[in-house]
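Asker: predicted structure and sequence below. I'll ask about it afterward.
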Amino acid sequence: MIYIFKLSGENYKLAKFELETLLGRKLRRSKDTVSIDLALSLKQVIAICNRSSMVQKCYVDGLKVWAAKSDKRFVARSPKKKPKTHPAMLKPKLARLLINLTGAKKELLDPFCGTGSILIEAGVLGIKPSGSDIDRKMVWYSELNTKHFNVKATLRHLDATELDTVFKNVGAIACDPPYGRSSTLAGKKLAELYPKFLASAHKVLRKGSRLAMIRPHYLKLRITNDWKKLGEFEWYVHGGLTRKILVLERC
Ligand SMILES: C[S@@+](CC[C@H](N)C(=O)[O-])C[C@H]1O[C@@H](n2cnc3c(N)ncnc32)[C@H](O)[C@@H]1O
């Protein structure tokens, strides 16, 4: 069947990359639309639309079969609905996007888990979440928030530059490290934390697995050649604040 997907205007390249990861196929985009012949049932395609964060509409033979408009998928887990909140917490839609960019199916680690937004979203998708944070209070926030949504997460108090002291053989990493504004850098410099974290993530991630992370656009980050850079996308937050979403594959 020929399916037509209309993508979110927030960033078409990123929306296409998310859909490619969910479908496991390369796609060709024309403006805001991807048209593709898929040997999948309507039910399977609707499940993919429901999982995606950036598909807006889906058509089969000109008939609309799915729309994100009046979408209630994320409302129940919006920051205000969580027992513990923090100014730096991620909205569920962005948390879902990061997870989808990793292609995670069974398990996922967030080594900067904060209030647990990524862990909760992973749990909702049936992915087993593990989380860690350098701040004990944030680990506790993650514990309370994940429990509130009946998500079972493995949680640790840990520096993300020392992941191999606890974790091994990890299948996917999605995270939103600190920018040094509303969340703590725990005494480290931004330019020191990110490369050390990547080196640590490389030790625990399985070969061929992905890491998706947000980073400040002003940070110069050298990607060592033991990673394959799959994509880097601009993500506009609000007035003057843009972040980058980086997707890497462990070589
Ligand atoms: C931007 S916040 C993450 C917010 C989280 N995604 C949420 O939705 O609540 C960054 C987190 O990184 C933690 N952090 C800072 N330095 C760290 C380090 N070296 N290792 C692990 N966690 C760290 C902070 O305590 C903070 O909780």
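Answerer: Right, received. Where do you want to start?

Asker: every contact and neighbour count from this point should use C-alpha atoms.
Answerer: Will do.

Asker: so who does the nearest residue to residue 4 once chain neighbours are set aside touch?
Answerer: Spatial nearest neighbour of residue 4, chain neighbours left out: residue 35 (4.4 Å); criterion: Cα to Cα, 6 or more residues apart in numbering. Contacts for residue 35 (Cα atoms under 8 Å, 6 or more residues apart in numbering) come out as 2, 3, 4, 5, 28, 29.

Asker: chain center to the one helix or strand residue 35 maps to: distance?
Answerer: Following DSSP states H and E, one finds residue 35 within strand 33-37. Distance of strand 33-37 from its chain centroid, counting by Cα atoms, centre = their mean, to the nearest Å, is 24 Å.

Asker: average pLDDT for that strand?
Answerer: For strand 33-37, the mean per-residue pLDDT is 97.

Asker: then stretch 122-141?
Answerer: Here the average pLDDT along stretch 122-141 is 98.

Asker: end to end on that stretch, go ahead and measure it.
Answerer: The first and last residues of stretch 122-141 sit 17 Å apart, counting by Cα to Cα, to the nearest Å.

Asker: contacts for it, please.
Answerer: 51, 84-85, 96, 99, 104-116, 119-120, 151-160, 186.

Asker: and if you look at stretch 206-225?
Answerer: Here stretch 206-225 makes contact (Cα under 8 Å, 6+ apart) with 98-99, 101-103, 169-177, 179, 190-191, 194-195, 229, 242-251.

Asker: repeat that for 6 Å
Answerer: 98, 102, 169-176, 243-251 (Cα atoms under 6 Å, 6 or more residues apart in numbering).

Asker: could you give the average pLDDT over that stretch?
Answerer: pLDDT averaged over stretch 206-225 gives 95.

Asker: hang on, the earlier thing: closest to residue 76 out of the contacts of residue 35?
Answerer: residue 5 (25.5 Å; Cα to Cα).

Asker: so which bits of the helix or strand encompassing the closest one are buried?
Answerer: Applying DSSP H and E as the criterion places residue 5 in strand 2-7. Neighbour-count burial for strand 2-7 flags 3, 4, 5, 6, 7 (criterion: 16 or more other Cα atoms under 10 Å).
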